[in-house]
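Participant: Prediction below, plus the sequence it came from.
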Amino acid sequence: MGWRGKKLQAGITLCCLSAFILFGYEQGVFGPIIENEDWLDQFNHPSDTHTGIIVSSYNLGCLLGCILNFVIGEWLGRRKVIWLAMSFVLVGTTLQISSYNVAHLVVGRIITGLGTGLKTSTVPAYQSELCAPNLRGRLISAETLFVGVGIVVAYWFDYGMSFVGGSIAWRLPVSMQAVFAVGVIGLVFGLPESPRWLYNHGREQEAIQVLCDIYDMHPEDPVIVAEAAAIRQAVAMELEIDKSFWAAFRNDEMRTGYRVFLAWLAQFMNQMCGINLVVYYIPTVLRTNVGMERELSKILGGFIQMMFMFGSLLPTFTLDTLGRRKTMVWGCAGLGFSMLMVAALLSQADGGETTRGTNFASASVAFFFLYMLIFGASVNSVPWVYVPELLPLNARTQGTAIGVSSNWLWNFTVAMITPIIINRLEWKAYLIFTATNIMFIPMVYFLYPETSNLSLEEIDLIFKPGVNPVKASRELIRGKQAGLELHIIEVAVASSGSK
């Protein structure tokens, strides 16, 4: 298309945001459908165990998509993987909307999930490699904001269609996934490949041209020269280490294995805070645990989902100022408190058999609102930012696939067990997620460095052997804020000396 400068940057951002609207739509579209009478009749009113299998089969597909990206992602490149992902979404959506039995539906959901796993383990890395360091947190946070937008659009579309009779009430909302996928395919045609991927595959001239197009500058411009030199240095460092298929698991000179572990753990926290109990099942939760009527549970469920979107506005504009670590710490504390209050209030609700019990149950709804607001403002976005930026270039494709696979593994787990635990454990189910959120606070504090406003190449430096990444990043950021140019040796000495 010949886009350059701000137009090209806007095109990249629009493509990535569209992919994550689709991600959110896929996440949100099925929760209300499992309460639809025509859907229940079509699939013989599945039990809580069977409902868990149907819903979580999509997450299993997403996990398989991450594994597929681990194998072929670095070979294909970022753009081709996004195209492949959208193709899977189109095929899977077609199977879902044409399904008349559970097996057919599950296969369609798994294939759709394959596409989602591919795109969610590629798009954040693609975005992070095509933007300035001071915008990276904001832009990737915007992707997670649009996950919330997709969820809200799906939820209210489902609600509106619930007043329509027949199978179109659930087949039409599911079919809209294909519309978003076609839009992403069209956008990718006009976008360049990642310059870092091009450098890593010996295509230096193409990489420089992409940098020139992104910044609307000439190859001799100091900004292009500096950026190209930093990427070349990173590639040179990584040529000295193992680049075999299993390199992502090894603790080499780049501490790749440890960084992949941090990426995996970040996405574990994203899911085991309990978010998909709310995203997938909030109408069921409000009806089963709180005791609401079906229609009211749908309406309130929609407003609760909107809190996710509103909360995500905060990191979209301020994450590079607030920082990753602080945002995660206060976010996990707030989520743990919210889950604790839900459990405490529901434990006193006595099934809503008295006025006192009804009041306690109703009060718990406020903390579902608070939970979703806090999640959107914190744990929703930071892991998605952390995963691509923590990883070295040589393992960014495979490491992102491993990190995002954690999201889908635990997403699958929560989606699978939630119908069972809310039916059988009732209020005690929320104590599980109270405990996990409290546990995450010290994990973030002691393990995760602050990466706000650091370039991807500077992040490589704080993970040098013998350097404490948490303390090294603190010293490096202080030095940059003071206008100093800190050499990595100085950072390493400062870090090692304070351990």
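Facilitator: Sure thing, it's come through.
Participant: Any stretches of the protein with poor pLDDT?
Facilitator: Per-residue confidence for the chain (pLDDT under 70) gives these ranges: 1-2, 133-134, 237-249, 350-357, 481, 483-499.
Participant: tell me the contacts of the residue nearest to V102 when sequence neighbours are not counted?
Facilitator: When the adjacent residues along the chain are set aside, V102 lies closest to F43, with 5.5 Å between them (CB to CB, 6 or more residues apart in numbering). C-beta: built from backbone N, CA, C; applies to glycine. For F43, the contacting residues are 54, 101-102, 105, by CB atoms under 8 Å, 6 or more residues apart in numbering.
Participant: my read: Q96 touches L172, true?
Facilitator: No: in terms of CB atoms under 8 Å, Q96 does not count as a neighbour of L172; the distance is 11.6 Å.
Participant: Who has more neighbours out of the two?
Facilitator: Neighbour totals were compared for Q96 and L172, and Q96 leads with 25 against 14 (other CB atoms under 10 Å).
Participant: Tell me how far that one lies from V379.
Facilitator: Counting by CB to CB, to the nearest Å, the gap from Q96 to V379 is 29 Å.
Participant: Same question for V153.
Facilitator: Taken as CB to CB, the spacing of V153 relative to V379 amounts to 22 Å.
Participant: same check, this time on I402
Facilitator: In terms of CB to CB, I402 sits 19 Å off from V379.
Participant: Please tell me how far E475 sits from L461.
Facilitator: Using CB to CB, we find E475 at a distance of 11 Å from L461.
Participant: Likewise for L265?
Facilitator: The span separating L265 from L461 equals 22 Å under the rule CB to CB.
Participant: Pick out whichever of the two has more residues nearby.
Facilitator: A side-by-side neighbour count of L265 and L461, using other CB under 10 Å, places L461 first with 22 against 19.
Participant: Spell out which helix or strand contains the more buried one, please.
Facilitator: In this assignment (DSSP states H and E), L461 forms part of helix 456-462.
Participant: Can you spell out which helices and strands pack onto that helix?
Facilitator: Packed against helix 456-462, as judged by 3 or more CB pairs under 8 Å, 6 or more residues apart in numbering; DSSP states H and E, are the following elements: helix 222-239, helix 382-390, helix 469-481, helix 488-497.
Participant: how about those in JSON lines, adding mean neighbour count and distance to E295?
Facilitator: Formatted as JSON lines, these follow (neighbours: other CB atoms under 10 Å; distance: least, CB to CB, whole Å):
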{"stretch": "helix 222-239", "mean neighbour count": "15", "distance to E295": "56"}
{"stretch": "helix 382-390", "mean neighbour count": "27", "distance to E295": "34"}
{"stretch": "helix 469-481", "mean neighbour count": "19", "distance to E295": "50"}
{"stretch": "helix 488-497", "mean neighbour count": "16", "distance to E295": "58"}
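Participant: Just send those helices back as a markdown table, with distance to F369 too.
Facilitator: Compiled in a markdown table, the helices and strands packed on helix 456-462 are given as follows (distance: least, CB to CB, whole Å):
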| stretch | distance to F369 |
| --- | --- |
| helix 222-239 | 44 |
| helix 382-390 | 21 |
| helix 469-481 | 34 |
| helix 488-497 | 42 |
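Participant: To P124, which of those helices lies closest?
Facilitator: Across the helices and strands packed on helix 456-462, the minimum distance to P124, taken as CB to CB, is reached by helix 382-390, at 4.8 Å.
Participant: just checking, what packs against that closest one?
Facilitator: In this structure, helix 382-390 makes packing contacts with helix 123-128, helix 133-161, helix 256-272, helix 294-322, helix 324-347, helix 396-424, helix 456-462, judged by 3+ CB pairs under 8 Å, 6+ apart.
Participant: Tell me which of those sits most buried.
Facilitator: Sort these by mean neighbour count, taking mean count of other CB atoms under 10 Å, and helix 123-128 sits at the top with a mean of 28.
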